[in-house]
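> Here's a sequence, model it:
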Amino acid sequence: MRGRAASARAALRRHPWAVGLMDSRSTPGPSTLRHHDAVLGALRAGGFSPVRAARAFSLIDSYVYGFVLQELSLPFTTAAELDVIVDGLLRELPAGDYPHLTEVAAAYAGRPDHDGDAEFEFGLGLIIGALRPDDAGRASAPSQPTRLS
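Predicted coordinates for the structure are as follows:
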């Protein structure tokens, strides 16, 4: 799932117009159907019920699509550009009005290690780490809340 998510992110970054088209067709083609079947098959083989497999698939894709949309919308692409934005933000914020925003912006300022890959992997790791196969089929009923940990 991790490799699939990273591959999807890379493809969507190369083709930003594709995010809005993903899974939008009511009659998907054979390639899409094969892909979906393979992903669901991997989740099923991992012990996920049909319902939990569909939920996991949807959760991972929602994260990937949302991350790419946000990433493509950000006003910077490099750590140096982020520094310029953060420096400007810190200069312009009224002192004391936004203490938490100021604290976080200052924590990101001058960080040479900031990159989208690390941010993506952090969130994806949280999601994948929280997904669990069914406990004796307990999550197979749609009305039942899903316990992820």
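> and residue 121, how many residues sit next to it?
Counted with other CB atoms under 10 Å, the neighbours of residue 121 add up to 14. Quick note: C-beta positions are derived from backbone N, CA and C, even for glycine.
> buried stuff in the lengthiest helix in the chain?
With secondary structure taken from DSSP state H, the chain has its longest helix at helix 50-73. Of the residues in helix 50-73, those buried under the neighbour-count criterion (16 or more other CB atoms under 10 Å) are 51-57, 59-61, 63-65, 67-68, 71.
> One more: stretch 32-46?
39, 40, 43.
> isn't the second one right up against residue 55?
No: contact between residue 40 and residue 55 fails when scored by CB atoms under 8 Å: they sit 11.1 Å apart.
> quick one on the thing from earlier: contacts for the longest helix of the chain?
1, 4-5, 8-9, 12-13, 16, 19, 22-23, 36, 39-40, 43-44, 48, 116, 119-120, 123-124, 127-128, 131, 133-134, 139-142, 146 (CB atoms under 8 Å, 6 or more residues apart in numbering).
> The protein: helices as residue ranges?
Applying DSSP H to the chain gives helices spanning 2-14, 30-45, 50-73, 79-92, 99-108, 116-130.
> Now render these as TSV, adding mean pLDDT.
Output for these, formatted as TSV (pLDDT from 0 to 100):
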stretch	mean pLDDT
helix 2-14	94
helix 30-45	94
helix 50-73	95
helix 79-92	84
helix 99-108	84
helix 116-130	93
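> And the most centrally placed residue in the chain, how far from residue 105?
Centrality entry for the chain: nearest residue to the mean C-alpha point is residue 63, 2.7 Å, by CA atoms, centre = their mean. Separation of residue 63 from residue 105 (CB to CB, to the nearest Å) stands at 24 Å.
> of the contacts of helix 50-73, buried ones?
Burial by neighbour count, judged by 16+ other CB under 10 Å, picks out 1, 4-5, 8-9, 12, 19, 39-40, 43, 48, 120, 124, 127, 131, 133-134, 139, 146 from those.
> Distance of the residue of the chain most remote from its centre relative to residue 120?
Most distant residue from the mean C-alpha position of the chain: residue 95, 33.3 Å away (CA atoms, centre = their mean). Residue 95 sits 33 Å away from residue 120, going by CB to CB.
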